[in-house]
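Participant: Got a predicted model here, sequence first, then my questions.
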Amino acid sequence: MLGFLLLILAAGVFLISTRWEGRAPSLSLEPNLSLLGRTNTFQITASDEGTGLKSLRAEIRQGKRTVELLHESYPEVRRRVSKTLHIDPRALHLQEGPGLLRLEARDRSWRGEGNIASLERPIRIDITPPSLRILFRPPPPAQGEARLLIYSSSEEIPRHGILVGDLRFPGRSIPKKRLAAFFAVPLRIPSATPVVLQGEDEAGNRSRVTLATTIHRRNRRRTHLWMDPPFLLRVVREFQEQDPSLPDDPLEAFLKINRDLREKTHRRVWELCRNSEPRKLWSGPFLRPKGVRETSTFGEDRVFVFQGKGVDQQDHMGVDLASIVNAPVRASNRGRVVFAGEMGIYGQTVLLDHGLGVFSMYGHMSRIDVETGQMVDRGTLLGRTGSTGLATGDHLHFSILISGVFVDPQPWWNPTWTDLLERSLKGENPPPKAQGSSH
Ligand SMILES: [Zn+2]
């Protein structure tokens, strides 16, 4: 009898000591937000090793008002609960300004109403998107051309720039509290592609201004590149030495180089152009070498002909300039060497960053006299022309790129164009009559 009583007592002590535990649950918030915009997603995680969780609550307090975001009770023992919350302050009728986010988790302990863990975070609610204003509207966008947009924002926006379809061109801060974005329209983009200015504030509120809904088509010249067997053998052999996985058959190997390696090269150039100096390094028109023949223009629709048959088609993404063999290659403007070396189909190549997303590229060189990281001035000798890579003969392949997108170099040699850009960047152009407004 006594033994039985002792057993009950022991069981009671055990129950009380476990159910009477005093360890509070743990609580966490991910991400550690302090600013709420129009749409917010965060995750609350609560756990309790002792008696388990009994309830979880999340609320926002603003003045005397409390808005409940979550309130759950758990009839079954739960050691861990993770909840993703999507908060729209407008739907909850929260006001802009400060508030307090409060989380609370209770466990099933018999102590009081359970052990309580709470987490309080001062927050600020900002549901006003930035107001974007166009200060300089460029000419309508056209395939294969670069444009510059100058704009301003009513508040600081950490993320902004131009979207050409899915392509993103980052904007940068320029003097006089203005923002500037160079953007490019790819040669083959459909003409119904929208061009949009987008700005996002710290709270994630976004504004968009449509700049154009149609893109001017470019008249593209079709040209034929006749390849004879000696040419094909010479070029293919050079690439086969570098890449033993290329097919033995010269035509097959050529097609692989002209398609796959071309694409791979362009992807690499794109990657190299993703980061650019946040300020303009160039000034004045870009330098065009003297005494050269333009043997191929930008955007040519090139058909490769072998033994009387068109075997491939590719777009020419630069201008070919030929003069004497091993002619000097000079930097077209001030900039930084971001690449100097072997670059796929372009052979020995130099890539210069001129700042604000503007780049120039020099291909098929026979020798390179500069190094990556080096600053060069307009006219600095970069090396000598040659026929390395996929080249029919000694010439310079010259390209201009905007954030990795090839554009026609012609306007960049023209002082009228570079003057317009420089005056716009300085803020010397009158603002457009029709002001852009955000929506
Ligand atoms: Zn070329």
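Facilitator: Cool, got the structure. Numbering: from 1, shown residues only.

Participant: Quick check on whichever residue of the stretch 1-150 of the chain sits closest to the ion: phi, psi?
Facilitator: At 14.5 Å from the ion, Gly144 is the closest residue in the stretch 1-150 of the chain, using CB to the ion. (C-beta placed from N, C-alpha, C; glycine too.) When quoted as degrees, to the nearest 10, the phi and psi of Gly144 stand at phi 80, psi 20.

Participant: Not counting its neighbours along the chain, what's nearest it?
Facilitator: Leu187 (4.4 Å; CB to CB, 6 or more residues apart in numbering).

Participant: distance of the one you found from Leu232?
Facilitator: 26 Å (CB to CB, to the nearest Å).

Participant: For the spatially most central residue of the chain, list each beta-bridge partner.
Facilitator: Nearest to the mean C-alpha position of the chain, by CA atoms, centre = their mean, lies Arg168 at 5.5 Å. Beta-bridge partners recorded for Arg168 (DSSP bridges): Leu163.

Participant: how about the helices of the stretch 251-400 of the chain, start to end?
Facilitator: Along the stretch 251-400 of the chain, the segments classed as helices by DSSP state H, counting those that start in this stretch run 262-272.

Participant: OK, now which residue of the stretch 251-400 of the chain is nearest to the ion?
Facilitator: Across the stretch 251-400 of the chain, the shortest distance to the ion (CB to the ion) belongs to His397, at 3.5 Å.

Participant: okay, the nearest residue to that residue once chain neighbours are set aside: pLDDT?
Facilitator: Of all residues not flanking His397 in the chain, Gly363 sits nearest, at 3.6 Å (CB to CB, 6+ apart). Per-residue confidence at Gly363 stands at 98 (pLDDT).

Participant: Quick check: Gly363 touching Gly347?
Facilitator: Yes: counting by CB atoms under 8 Å, Gly347 is a contact partner of Gly363 at 6.4 Å.

Participant: more crowded one of those two?
Facilitator: Gly363 (30 against 21; other CB atoms under 10 Å).

Participant: show me what contacts that one?
Facilitator: Counting by CB atoms under 8 Å, 6 or more residues apart in numbering, Gly363 touches Gly318, Met343, Tyr346, Gly347, Gln348, Thr349, Gly389, Ala391, Leu396, His397, Phe398, Ser399.

Participant: and of the residues you listed, the nearest to Ala117?
Facilitator: Ala117 lies nearest to Met343 out of the contacts of Gly363, by CB to CB, at 57.8 Å.

Participant: and stretch 352-369, which residues are buried?
Facilitator: 352-366, 368 (16 or more other CB atoms under 10 Å).

Participant: about what we covered before: my guess is the residue nearest to the centre of the chain contacts Gly161, does it?
Facilitator: Yes: between Arg168 and Gly161 there is a contact under CB under 8 Å: 6.1 Å.

Participant: for the ion, what are the nearby residues on this structure?
Facilitator: Gly318, Asp320, His397 (CB under 5 Å from the ion).

Participant: residue ranges with poor pLDDT in the chain?
Facilitator: Where the chain drops to pLDDT under 70, the residues are 1-2, 4-20, 429-439.

Participant: Look through the chain and tell me its longest strand.
Facilitator: In the chain, ranked by residue count with DSSP state E as the criterion, the top strand is strand 65-78.

Participant: CA-only coordinates of the helix or strand following it in PDB, if you can.
Facilitator: Once the chain leaves strand 65-78, the next helix or strand it forms, by DSSP states H and E, is strand 80-87. Listed next in PDB are the C-alpha coordinates belonging to strand 80-87 (Å, rounded to 0.1, in the frame of the first residue of the first chain):
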ATOM      1  CA  ARG A  80       8.700  23.300 -33.700                       C
ATOM      2  CA  VAL A  81       6.500  25.600 -35.900                       C
ATOM      3  CA  SER A  82       7.600  27.600 -38.900                       C
ATOM      4  CA  LYS A  83       5.200  30.000 -40.600                       C
ATOM      5  CA  THR A  84       5.700  32.100 -43.700                       C
ATOM      6  CA  LEU A  85       3.700  35.400 -43.600                       C
ATOM      7  CA  HIS A  86       2.900  37.600 -46.500                       C
ATOM      8  CA  ILE A  87       2.000  41.000 -45.300                       C
END
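
Participant: so what does strand 80-87 touch, helix or strand wise?
Facilitator: strand 40-47, strand 53-62, strand 65-78 (3 or more CB pairs under 8 Å, 6 or more residues apart in numbering; DSSP states H and E).

Participant: what's the most buried one of the ones you listed?
Facilitator: strand 53-62 (a mean of 20; mean count of other CB atoms under 10 Å).

Participant: List the neighbouring strands of it plus their orientation.
Facilitator: Here strand 53-62 is paired, per DSSP bridges, with strand 65-78 (antiparallel), strand 97-107 (antiparallel).

Participant: Take these and lay them out in a markdown table including distance to Gln242.
Facilitator: Shown next, in a markdown table, are the strands paired with strand 53-62 (distance: least, CB to CB, whole Å):
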| stretch | distance to Gln242 |
| --- | --- |
| strand 65-78 | 60 |
| strand 97-107 | 58 |
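
Participant: what's the closest of those strands to Ser296?
Facilitator: strand 97-107 (61.0 Å).

Participant: Can you give me the buried ones in the closest one?
Facilitator: Result for strand 97-107 [16+ other CB under 10 Å]: buried residues Gly99, Leu101, Arg102, Leu103, Glu104, Ala105, Arg106, Asp107.

Participant: got those residues as JSON lines, with distance to Thr210 columns?
Facilitator: What follows is those, written out as JSON lines (distance: CB to CB, whole Å):
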{"residue": "Gly99", "distance to Thr210": "34"}
{"residue": "Leu101", "distance to Thr210": "36"}
{"residue": "Arg102", "distance to Thr210": "41"}
{"residue": "Leu103", "distance to Thr210": "41"}
{"residue": "Glu104", "distance to Thr210": "45"}
{"residue": "Ala105", "distance to Thr210": "47"}
{"residue": "Arg106", "distance to Thr210": "51"}
{"residue": "Asp107", "distance to Thr210": "54"}
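
Participant: Many thanks, I have nothing further to ask.
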